[in-house]
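Engineer: model this:
(one chain, ligands or ions: 3)
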Amino acid sequence: MSSLAIVGSQWGDEGKGKIIDYLAGKADMVIRAQGGSNAGHTVVINGRKYALHLIPSGVLNGNTVNIIGNGVVFDPESFFAELELLEKDGVTTDNIYLSDRAHLVFPYHKTLDELYENARGIGDIGTTKRGIGPAYMDKIERTGIRVCDMLDEAGFRKKIERQIEAKNRLIAGVFGGEALEGEKIVKLYLEYARRLAPRVRDTGVMVYEAMSAGRKILFEGAQGSMLDIDLGTYPYVTSSHPVSGGFTTGAGVGAGLIRDVVGITKAYTTRVGKGPFVTELLNETGDRIREIGHEYGATTGRPRRCGWFDGLVVRYSARISGITGLALTLLDVLSGFDDLYLCESYDYHGERIDHFPASLDVVSECAPVFRKLPGWRTDISGCAVYEDLPANAKAYVNAVEEITGVPVKIVSVGPDRKQTIIREEVF
Ligand code: GDP
Ligand code: IMO
Ligand code: MG
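Structural biologist: Ligands and ions are numbered 1, 2, ... in the order given. Model (predicted):
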């Protein structure tokens, strides 16, 4: 397998960063293709923790080419903050490239993200306030400003000025907010342009040429299928395509070229932000999972909502992303529970539901139908091979496979690179 797509199969934060970093040891190229600095991908190497937002998780391997693709909404402020942290740690960063077709995030996008959320009141989405929705709105409305626009100073200045004027009309005129200082933003972005220019490429060509030469390529998903703008729990979603299809438009790669897809899947379920969550545990068990799993957002620090494994969600993700194998992560967090529960189907007023419904009114009235399994007592975080796992942990893995219909090829038993069990090579 010379190319592999990695997708989140739940609501994000499944441990994509950890698995990508692990696999990136063998990769020539790692590509981010959607989302922006709303992502928070944690990588732990020998106890040292890195949280990556825009920079692909391959960067910590030193040898990979890291690409921020055209489908990403790129926030220079977040990028340079991240870059600085990595460079301080001695990480090589000159192998990071940025697509000339990527759209830019501006300060007014972040201001508007906040204003739109406030205006939604109790119906808010719970966004990361990183300006993601408003930046994609501009892209779809066809008023966005792209990285290639940065390369012509006079043209870039004009485009920004026009946008600031329009956004200030909205911010101050409609929302009664404080208008942004135009010249300050223009100056800042002209400086960003100068610093970014050496990294700007037609990255689609780079990816195509690497694929044609048989190089090993990893596509790094951000968010998770259930946050997909088309296929997720709309409107409680992000504004991009975290499903595997997002890689074709977001990296500029023909659909037929992405065959193998690994779904990163937490051994239980979490979500940050609002929206229905059938297996949510609003009790001590949920709190216990949150504390053991350190389930607090890598981007916003918000406590994550926790619940049992939802098989419908992962089965649905497997179908819509063409997932060929799962990496089951955070299995160690479930050690010590007497009983464990996996949701096999939903009960909707007495009717059995096997496929994740579109209507959130329906979802919010569904009750989980669980398979109950006995837990295991031993700490599994030191297990290096599958055979080392206790029988009940293996039975849990088997149940995940049965319920989702997808083989579990990787099992993760801790945050560190080393705490990874490979059952079947995926890359
Ligand atoms: P991502 O957004 O999918 O990359 O996931 P995040 O980094 O936001 O959240 C996953 C969290 O779980 C991070 O704190 C990781 O360090 C941690 N993690 C990843 N895999 C494991 C694992 O197998 N066990 C434990 N205990 N933690 C893990
Ligand atoms: P990674 O890549 C978890 C959620 C937000 C909110 C919704 C919309 O780390 O898995 P947005 O700021 O995108 O407009 O917010 O999407 N969200 C994530 N949840 N992990 C993420 O990324 C997320 N990125 C966005 O919490 O509910
Ligand atoms: Mg995350």
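
Engineer: could you pull out the helices in the stretch 151-300 of the chain for me?
Structural biologist: Counting by DSSP state H, counting those that start in this stretch, the stretch 151-300 of the chain has helices at residues 153-168, 182-196, 203-212, 245-251, 284-292.

Engineer: as JSON lines, the ones you listed with mean pLDDT, distance to ligand 1 and mean neighbour count would be great.
Structural biologist: Placement of C-beta: from N, CA and C, glycine included. As requested, those are exported to JSON lines (pLDDT from 0 to 100; distance: least, C-beta to the nearest ligand atom, whole Å; neighbours: other C-beta atoms under 10 Å):
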{"stretch": "helix 153-168", "mean pLDDT": "97", "distance to ligand 1": "30", "mean neighbour count": "16"}
{"stretch": "helix 182-196", "mean pLDDT": "96", "distance to ligand 1": "25", "mean neighbour count": "15"}
{"stretch": "helix 203-212", "mean pLDDT": "97", "distance to ligand 1": "22", "mean neighbour count": "17"}
{"stretch": "helix 245-251", "mean pLDDT": "98", "distance to ligand 1": "15", "mean neighbour count": "24"}
{"stretch": "helix 284-292", "mean pLDDT": "98", "distance to ligand 1": "8", "mean neighbour count": "16"}
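
Engineer: isn't Ser225 up against Ile320?
Structural biologist: Yes. At 6.1 Å, Ser225 and Ile320 qualify as touching, with contact defined as C-beta atoms under 8 Å.

Engineer: overlap of the contact sets of these two?
Structural biologist: Leu231, Val243 (C-beta atoms under 8 Å, 6 or more residues apart in numbering).

Engineer: neighbour count for those two, which is higher?
Structural biologist: Ser225 (32 against 19; other C-beta atoms under 10 Å).

Engineer: now do the contacts for the more buried one.
Structural biologist: By C-beta under 8 Å, 6+ apart, the neighbours of Ser225 are 7-10, 231-232, 242-243, 313, 316-317, 320-321.

Engineer: and it, what pLDDT?
Structural biologist: Ser225 is assigned a predicted lDDT (pLDDT) of 98.

Engineer: and the residue nearest to it when sequence neighbours are not counted, what are its phi and psi?
Structural biologist: Nearest non-adjacent residue to Ser225, counting by C-beta to C-beta, 6 or more residues apart in numbering: Ser317, 3.8 Å away. Backbone torsions of Ser317, given as degrees, to the nearest 10, read phi -60, psi -40.

Engineer: quick check: Ser317 touching Val7?
Structural biologist: Yes. Ser317 sits in contact with Val7 when judged by C-beta under 8 Å, with a separation of 7.3 Å.

Engineer: ok so, going back, residues contacting the residue nearest to Ser225?
Structural biologist: Counting by C-beta under 8 Å, 6+ apart, Ser317 has contacts Val7, Ser9, Gln10, Gly224, Ser225, Met226, Val243, Gly263, Ile323.

Engineer: which phi and psi does the last one have?
Structural biologist: It refers to Ile323. Ile323 adopts backbone torsions of phi -70, psi 130, taken as degrees, to the nearest 10.

Engineer: the closest residue in space to it that isn't next to it in sequence and ligand 3: what is the separation?
Structural biologist: Nearest residue to Ile323 in three dimensions, chain neighbours excluded: Gly263, at 3.9 Å (C-beta to C-beta, 6+ apart). Counting by C-beta to the ion, to the nearest Å, the separation of Gly263 from ligand 3 is 15 Å.

Engineer: for Gly263, list each beta-bridge partner.
Structural biologist: Val7, Leu326 (DSSP bridges).

Engineer: hang on, the earlier thing: to ligand 3, which of the helices of the stretch 151-300 of the chain lies closest?
Structural biologist: Ligand 3 sits nearest to helix 284-292 of all those, at 14.7 Å, using C-beta to the ion.

Engineer: what about that closest one, distance to the chain center?
Structural biologist: 23 Å (C-alpha atoms, centre = their mean, to the nearest Å).

Engineer: same question, stretch 244-262
Structural biologist: Offset of stretch 244-262 from its chain centre (C-alpha atoms, centre = their mean): 16 Å.

Engineer: one step back: save the helices of the stretch 151-300 of the chain as a markdown table, and put in distance to ligand 3 too.
Structural biologist: Converted to a markdown table, those look like this (distance: least, C-beta to the ion, whole Å):
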| stretch | distance to ligand 3 |
| --- | --- |
| helix 153-168 | 28 |
| helix 182-196 | 25 |
| helix 203-212 | 23 |
| helix 245-251 | 16 |
| helix 284-292 | 15 |
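
Engineer: run through the contacts of Ser225 and flag the ones next to ligand 1.
Structural biologist: With C-beta under 6 Å from any ligand atom as the criterion, the contacts of Ser225 include Gly8 near ligand 1.

Engineer: which ones are touching whichever residue of the stretch 201-350 of the chain sits closest to ligand 3?
Structural biologist: Closest contact between the stretch 201-350 of the chain and ligand 3, by C-beta to the ion, is at Ala298 (4.6 Å). Residues near Ala298 by C-beta under 8 Å, 6+ apart: Asp13, Gly40, His41, Thr42, Ala51.

Engineer: now list the buried members of these.
Structural biologist: With neighbours counted by 16 or more other C-beta atoms under 10 Å, the contacts of Ala298 contain buried members at Asp13, Gly40, His41, Thr42.

Engineer: pretty sure the third one contacts Leu54?
Structural biologist: No. With contact defined as C-beta under 8 Å, His41 does not reach Leu54; the gap is 9.8 Å.

Engineer: need the three-state assignment for the residue in the stretch 1-150 of the chain that ligand 2 sits nearest to.
Structural biologist: Residue nearest to ligand 2 within the stretch 1-150 of the chain: Gly12 (2.4 Å; C-beta to the nearest ligand atom). For Gly12, the secondary structure call by DSSP: H, G, I helix; E, B strand; the rest coil comes out as coil.

Engineer: so it makes contact with Asp228?
Structural biologist: No. Gly12 sits out of contact with Asp228 when judged by C-beta under 8 Å, with a separation of 10.7 Å.

Engineer: nearest to Trp376, of the contacts of Ala298?
Structural biologist: Relative to Trp376, the closest of the contacts of Ala298 is Asp13; by C-beta to C-beta it sits at 23.8 Å.

Engineer: spit out the contact partners of the nearest residue to the closest one once chain neighbours are set aside.
Structural biologist: Nearest residue to Asp13, sequence neighbours excluded (C-beta to C-beta, 6+ apart): Thr270, at 5.9 Å. Going by C-beta under 8 Å, 6+ apart, Thr270 touches Gln10, Trp11, Asp13, Gly293, Glu295, Arg304, Arg305, Cys306, Gly307.
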